[in-house]
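**Student:** Make a model of this:
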Amino acid sequence: MNLRRKIEAAVAAAMAANPGDAKAAALEACAAFEWEVEVGGNGWWDDDQEFLAYSRDWMPPEVRTKHAGG
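**Tutor:** Residues are numbered from 1 along each chain as shown. Just a heads-up that it's a prediction; the model follows:
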């Protein structure tokens, strides 16, 4: 499955679980992107405390520590 389809599936699942909730869909899209491409180490999630909190269970600790203060 290519990245776009993975993101599409994540967004569709979020919209099905939370109809009309664009924020939930965006969080899932970001999560799918991070899971596949691992851009967090480049500062993409700096200053996005909501995404960092959302991703706390699966984002590598070294990324959380470096870019979110833990």
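**Student:** pLDDT below threshold where in the protein?
**Tutor:** 1, 59-70 (pLDDT under 70).
**Student:** Can you tell me the centre-most residue of it?
**Tutor:** Geometric centre of the chain, nearest residue: residue 31, 2.2 Å, by C-alpha atoms, centre = their mean.
**Student:** Could you say which helix or strand holds that one?
**Tutor:** helix 22-37 (DSSP states H and E).
**Student:** Residue 10 too?
**Tutor:** For residue 10, the host element (DSSP H and E) is helix 3-17.
**Student:** tally of neighbours for the nearest residue to residue 7 once chain neighbours are set aside?
**Tutor:** Excluding the flanking residues, the one nearest residue 7 by C-beta to C-beta, 6 or more residues apart in numbering is residue 32, at 4.7 Å. Yep, even glycine has a C-beta here, placed from its N, CA and C like the rest. Residue 32 sits with 21 neighbouring residues when counted by other C-beta atoms under 10 Å.
**Student:** Would you agree residue 32 is in contact with residue 5?
**Tutor:** No: Residue 32 is not in contact with residue 5 according to C-beta atoms under 8 Å; the separation is 9.8 Å.
**Student:** quick one: contacts for the residue lying closest to residue 6 once chain neighbours are set aside?
**Tutor:** Leaving aside its sequence neighbours, residue 6 sits nearest to residue 32 (C-beta to C-beta, 6+ apart; 5.1 Å). With contact taken as C-beta atoms under 8 Å, 6 or more residues apart in numbering, residue 32 is in contact with 3, 6-7, 9-10.
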